[in-house]
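Colleague: pasting the structure only:
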């Protein structure tokens, strides 16, 4: 699952994010969230994704850290996970070995935001959502998000 998430990150590449139309975020993309609440969450998450990717494009590592859940930080700071990701062809062919969260940010996160387009946001529960992007005709996960103590955070669901 972790490798699949990493490959997703590679397949989503910019900061030019938008929803093509209101209809892209339909009732079928939202499970159990009332329409008014769903629209508010959509607006909030769209703004958040734009902010996150803007900060990434400016190499704002410390700001990026503030968007992450503890689970995400622990996962991508794990030597086991970093070694596994380092074996991906994209990194291995360049001789890049990830050693910590900062190297993951530099070699995986930053390059993965080039030329992405936010396609839609799926609210899976009232406090969980998935932002999907479009890149070269394919749809892929951009972020798993969860509202933790009143703030939306990039997270991983185990």
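Modeller: Happy to help now that I have it. Quantities reported herein were computed from a predicted structural model and do not represent experimental measurements. Numbering: from 1, shown residues only.

Colleague: ok, what's across the strand from the residue nearest the centre of the chain?
Modeller: Geometric centre of the chain, nearest residue: residue 143, 2.3 Å, by CA atoms, centre = their mean. Applying DSSP bridges to residue 143 gives these bridge partners: residue 131.

Colleague: Which pLDDT value goes with it?
Modeller: For residue 143, the model assigns a pLDDT of 94.

Colleague: who's in contact with it?
Modeller: 49, 52, 130, 131, 154 (CB atoms under 8 Å, 6 or more residues apart in numbering). For the C-beta atoms, the positions are set from N, CA and C on the backbone; glycine is no exception.

Colleague: Pick out the most distant pair among those.
Modeller: Within the contacts of residue 143, 52 and 130 form the most distant pair, 14.1 Å apart (CB to CB).

Colleague: quick one: the helices in this structure?
Modeller: Using DSSP state H, the helices of the chain run over 2-11, 35-57, 61-66, 70-76, 79-86, 89-92, 101-104.

Colleague: and residue 138, which of those helices is closest to it?
Modeller: Residue 138 lies closest, by CB to CB, to one member of the helices of the chain: helix 2-11, at 6.4 Å.

Colleague: Once you drop chain neighbours, what's closest to residue 105?
Modeller: Once flanking residues are discounted, residue 105 sits nearest to residue 61: 5.7 Å by CB to CB, 6 or more residues apart in numbering.

Colleague: Just to check, residue 122 is in contact with residue 132?
Modeller: Yes - with contact defined as CB atoms under 8 Å, residue 122 counts as touching residue 132 (6.8 Å).

Colleague: Could you check which of those two has the larger neighbour count?
Modeller: residue 132 (20 against 17; other CB atoms under 10 Å).

Colleague: ok, the more buried one - contacts?
Modeller: 118, 119, 120, 121, 122, 139, 140, 141, 142.

Colleague: could you flag which of the residues you listed are buried?
Modeller: Among the contacts of residue 132, the ones that count as buried by 16 or more other CB atoms under 10 Å are 118, 119, 120, 121, 122, 140, 141, 142.

Colleague: I'd like these as TSV, with distance to residue 65 appended.
Modeller: As requested, the buried ones among the contacts of residue 132 are exported to TSV (distance: CB to CB, whole Å):
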residue	distance to residue 65
118	22
119	26
120	26
121	22
122	25
140	23
141	20
142	18
